[in-house]
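okay, here's the prediction I keep looking at, along with the sequence it came from:
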Amino acid sequence: MPLKLERQENVPLAGLIAAPFVALAVTLVVGAVMFLAMGQDPVEAFRIYFIDPLGDAYTLQELVVKACPLLLIGVGLAFCYRANRWNIGAEGQYVVGAVFGSWLALATHGTEAGPWVLPAMLVLGALGGAAYGLIPAFLRVRFGASEILTSLMLVYVAQLGLDYLVRGPWRDPAGFNFPQSVTFDAVATVPLLFEEGRMHAGIVIALVVVVAATFVLGRTLVGFSIELGGSAPRAAAFAGFDERRVTYGVFAVSGALAGLAGIIEVAGPIGNLQPSISPGYGFTAIIAAMLGRLHPVGILVSSFILALTYIGGEAAQISLRMPFDVTRVFQGTLLIAILAADVLVRYRIRRVEGVRHA
Amino acid sequence: MLDTVMIGAVLASVVAAATTLLIASLGELVAERAGTLNLGVEGMMIIGAAVGYATAYSSGSLLLGTLAAVLAGMALSLVFATLTIWLAANQVASGLATTILGLGLAGLIGASFVGTRLDAAPALDIPGLSDLPILGKVAFGQDAFVYASVALLALVTWGLARTRIGLILRAVGESHAAAHALGHPVRKIRTLAVMFGGACAGLAGAHLSLAYTPFWASDMTAGRGWIALALVVFSAWKPLWLLAGAYLFGAVSILQLHVQGFGLGIPSQLLSSLPYLATVAALVLISAMKRGQGAPASLGVPFVPDR
């Protein structure tokens, strides 16, 4: 192999910004090949997938609806990944947050409860998500168990728990045996921003979270301790930062934001509890976090790009009869491309003459 | 008499459930002993299941299907190897990407086969032994995948402990810098180890879609790839312990099904979550007992040669 990688000391900012765009371009090329292999006209498919959804007000609102959970979860994951803690169970924390918040909506259903219900639901959702996120953190700190595997296993447990609730104790008695809860009351519903369309106030909360997270990560000692704990754990220990506190902290934050996303989704676009309340937002948000360079503003952009793959996927399902898995292929390819593009930024590739390398 | 037939049938299904886990986790163990943590097992397994089923259904040959599954798992593992070994990308994120891509591609490949069925891989009775009461069918009346998993276990155990290749592979996993200084091609060895893992994950997928449940359903791996990863930790990176782990988890996943069948009033969802809860419990137990110290020293650390 006559090429070698050489680590760059000062990573150029231009490269950091350019890498995601290179990744997007590569993903589109791979996508074109995939469409050709499936016997589709790539130009036509791309139009339906990526251009048409941007064309009218209704789908633009849908884009915001899909981006909202990705943004909330993705920003939370940025805390974890900056600290080099691998929470990949956000999907489970999202579900538990939705369940915790929904409990209040169901408990107050049909009563004369006031407008305090929704804010209380959001708080409960965040607490539920945080509590569920703290389980893998605790198992790692106390027993040294890999947080990667425990957080993922807990996703399956959370989904089965939700399934039990909506088929059992929380099933709508007047719902013709459909596995779902009653529809939430108006005071337990996230308000819409416009009369037409589905865009809801959740995106406002998400934008506030972006601003707050940008400040905390960029301008505070807490943000610095997270960053340092991830990139130089020994230096962080010498500086007196408590590694365990960082672990608990980042899992609590990312769990809370995933839980918040869950309860907003259930109290917003969905309107009640159902066996399936997410098309994999918790996993797609991992890609959003990586594509957005673990920076809240970057994640704002990347969640809209990934939201587009969801909308386009639904459109292609209807008009081209393509399986929804096309979206997963796009998302997987995008993550692979961004990881590869990172190398161009972090390393310089040199030709090596006449020397054999391992 | 009925009882012994019943017990035999239950035990045989435990063996079948354990075989998928054993094959996949053996492959991952080899990759990890060489120093690479491949979280893409789930993706490589499901692509194996999809490609294996599609090939076997179209060609009518289970052997061809199995071969295609192995190649598909290997091909996807090459994507992971290129990212992590040759481009020094983050192993956790790369593994996740591999899994997401594998799930998507498998869905596309399998889409046109939804609702079809295949004849399961036939049981190969070993003459004489398979007629033994109860355990005869369990141990000697299984399909080729089960025998292959045992052979694979023997091969990996012996290969890692007793051969020169195994020694070099372990050296690369313990200290890539030292292995590099000795002139061993660290990245080539790691790539081969990851490809072996991919081949095994593909084979495990073929066992799922060609023998265990001979049809295609999207997401049919249902987290088995992740459980295989946890088993490697559980085994403290020792192949023989994988056997115990895989059969323990096979037993948990089969027994919970039978308990559901009895309808004891326990919510079926609680029983279904047992394999996942057991995985968490096993990880905690092993980590608490400090058995986790068996981890290869360079596991998860990218290697970039500086000379």
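Structure's in. What do you need? Residues are numbered from 1 along each chain as shown, chains lettered A, B, ... in the order given.

going forward, measure contacts and count neighbours with C-alpha atoms only.
Fine.

what about the residue lying closest to residue B:267 once chain neighbours are set aside, neighbour count?
Leaving aside its sequence neighbours, residue B:267 sits nearest to residue A:164 (C-alpha to C-alpha, 6 or more residues apart in numbering or on different chains; 7.2 Å). Residue A:164 sits with 19 neighbouring residues when counted by other C-alpha atoms under 10 Å in any protein chain shown.

next SSE downstream of the one helix or strand residue A:164 maps to?
Element membership of residue A:164, judged by DSSP states H and E, is helix A:147-167. Once the chain leaves helix A:147-167, the next helix or strand it forms, by DSSP H and E, is helix A:202-219.

tell me which other helices or strands that next one touches.
Counting contacts by 3 or more C-alpha pairs under 8 Å, 6 or more residues apart in numbering or on different chains; DSSP states H and E, helix A:202-219 is packed against helix A:57-82, helix A:221-231, helix A:296-319.

deepest-packed of these, please.
Greatest average neighbour count among the helices and strands packed on helix A:202-219 goes to helix A:57-82 (a mean of 26), per mean count of other C-alpha atoms under 10 Å in any protein chain shown.

in terms of secondary structure, what does it contact?
Applying 3+ C-alpha pairs under 8 Å, 6+ apart, we find helix A:57-82 packed against helix A:202-219, helix A:221-231, helix A:243-265, helix A:281-291, helix A:296-319.

got the buried residues for stretch A:13-21?
Neighbour-count burial for stretch A:13-21 flags A:16, A:19-20 (criterion: 16 or more other C-alpha atoms under 10 Å in any protein chain shown).

now swap in stretch B:48-59 and tell me
Within stretch B:48-59, the residues scored as buried using 16+ other C-alpha under 10 Å are B:48-57.

in a markdown table: the residues you listed, plus pLDDT.
A markdown table is the format used below for the buried residues of stretch B:48-59 (pLDDT from 0 to 100):
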| residue | pLDDT |
| --- | --- |
| B:48 | 97 |
| B:49 | 96 |
| B:50 | 96 |
| B:51 | 97 |
| B:52 | 96 |
| B:53 | 95 |
| B:54 | 95 |
| B:55 | 95 |
| B:56 | 94 |
| B:57 | 93 |
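
just name the closest of those residues to chain A, please.
Nearest to chain A among those, counting by C-alpha to the nearest C-alpha, is residue B:50 at 13.0 Å.

which SSE is the closest one in?
Going by DSSP H and E, residue B:50 is in helix B:41-59.

how far off centre is that helix?
14 Å (C-alpha atoms, centre = their mean, to the nearest Å).

does chain A have contacts with it?
No: applying C-alpha under 8 Å from any C-alpha of the partner chain, one finds helix B:41-59 separated from chain A by no less than 10.5 Å.

could you say what helices and strands the very next helix or strand once past that helix packs with?
Where DSSP H and E defines the elements, the next helix or strand beyond helix B:41-59 is helix B:62-81. Here helix B:62-81 touches helix B:41-59, helix B:91-110, helix B:186-207, going by 3+ C-alpha pairs under 8 Å, 6+ apart.

outside of the helix or strand bottoming out on mean pLDDT in chain B, which residues touch it?
Within chain B, no helix or strand scores below helix B:135-140, which has a mean of 72 by mean pLDDT, DSSP states H and E. Residues from elsewhere that reach helix B:135-140, judged by C-alpha atoms under 8 Å, 6 or more residues apart in numbering or on different chains: B:8-9, B:11-12, B:15, B:124-126, B:129-131.

pull the most distant pair out of the buried residues of stretch B:48-59.
Using C-alpha to C-alpha, those span at most 13.7 Å, a distance reached by B:48 and B:57.

one step back: how far does the very next helix or strand once past the least confident helix or strand of chain B sit from the chain's center?
Moving toward the C-terminus from helix B:135-140, the next helix or strand (DSSP H and E) is helix B:144-162. Mean-position distance between helix B:144-162 and its chain equals 13 Å (C-alpha atoms, centre = their mean).

residues of helix B:144-162 that come out buried?
Neighbour counts over helix B:144-162 (16+ other C-alpha under 10 Å) mark B:145-147, B:149, B:152-153, B:156-157, B:159-160 as buried.

that helix to helix B:62-81, inter-axis angle?
Put simply, helix B:144-162 runs at 40 degrees to helix B:62-81, going by axes from the mean of the first three to the mean of the last three C-alpha atoms, to 10 degrees.

name the helices or strands packed onto helix B:144-162?
Counting by 3+ C-alpha pairs under 8 Å, 6+ apart, helix B:144-162 packs on helix B:2-33, helix B:164-174, helix B:239-262.

switch to 10 Å and redo it
Packed against helix B:144-162 by the contact rule (3 or more C-alpha pairs under 10 Å, 6 or more residues apart in numbering or on different chains; DSSP states H and E) you find helix B:2-33, helix B:135-140, helix B:164-174, helix B:186-207, helix B:239-262.

could you find the closest non-adjacent residue to the residue of the stretch 51-200 of chain A found nearest chain B?
In the stretch 51-200 of chain A, no residue comes nearer to chain B than residue A:143, which is 4.8 Å away by C-alpha to the nearest C-alpha. Of all residues not flanking residue A:143 in the chain, residue B:288 sits nearest, at 4.8 Å (C-alpha to C-alpha, 6+ apart).

from residue A:66, how far out is that neighbour?
From residue B:288 over to residue A:66 the distance is 41 Å, taken as C-alpha to C-alpha, to the nearest Å.

near chain A, which residues of the stretch 101-250 of chain B?
By C-alpha under 10 Å from any C-alpha of the partner chain, the residues of the stretch 101-250 of chain B that approach chain A are B:101-112, B:180, B:183-189, B:218, B:222-223, B:226-227, B:229-230, B:233.

regarding the closest residue to residue B:83 other than its chain neighbours, what is its secondary structure?
Excluding the flanking residues, the one nearest residue B:83 by C-alpha to C-alpha, 6+ apart is residue B:89, at 5.5 Å. Using DSSP: H, G, I helix; E, B strand; the rest coil, the structure places residue B:89 in coil.

identify the residues contacting residue B:89.
Residues near residue B:89 by C-alpha atoms under 10 Å, 6 or more residues apart in numbering or on different chains: A:336, A:338-343, A:346, B:80-83, B:302.

got a winner among those residues for most neighbours?
residue B:80 (30 neighbours).

from the stretch 201-307 of chain B, which residue is nearest to chain A?
residue B:288 (4.8 Å).

got the contact list for that residue?
Per C-alpha under 10 Å, 6+ apart, neighbours of residue B:288: A:139-140, A:142-145, B:282.

apply 8 Å and report the result again.
Going by C-alpha under 8 Å, 6+ apart, residue B:288 touches A:143-145.

tabulate the residues you listed (TSV), appending neighbour count.
TSV is the format used below for those (neighbours: other C-alpha atoms under 10 Å in any protein chain shown):
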residue	neighbour count
A:143	17
A:144	20
A:145	26
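
just the ones of those in helices?
Among the contacts of residue B:288, DSSP state H puts residue A:143 in helices.

now render the contacts of residue B:288 as CSV, adding pLDDT.
Formatted as CSV, the contacts of residue B:288 follow (pLDDT from 0 to 100):
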residue, pLDDT
A:143, 91
A:144, 89
A:145, 90
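
now, which of the contacts of residue B:288 sits nearest residue A:225?
Checking these against residue A:225 by C-alpha to C-alpha gives residue A:144 as the nearest, at 20.9 Å.

do you know the pLDDT at the residue lying closest to residue A:314 once chain neighbours are set aside?
What sits nearest to residue A:314 in space, not counting adjacent residues and going by C-alpha to C-alpha, 6+ apart, is residue A:324, at 6.8 Å. At residue A:324, the model reports a pLDDT of 84.

OK, contacts around residue A:324?
Contacts for residue A:324 (C-alpha under 8 Å, 6+ apart) come out as A:313-314, A:316-317.
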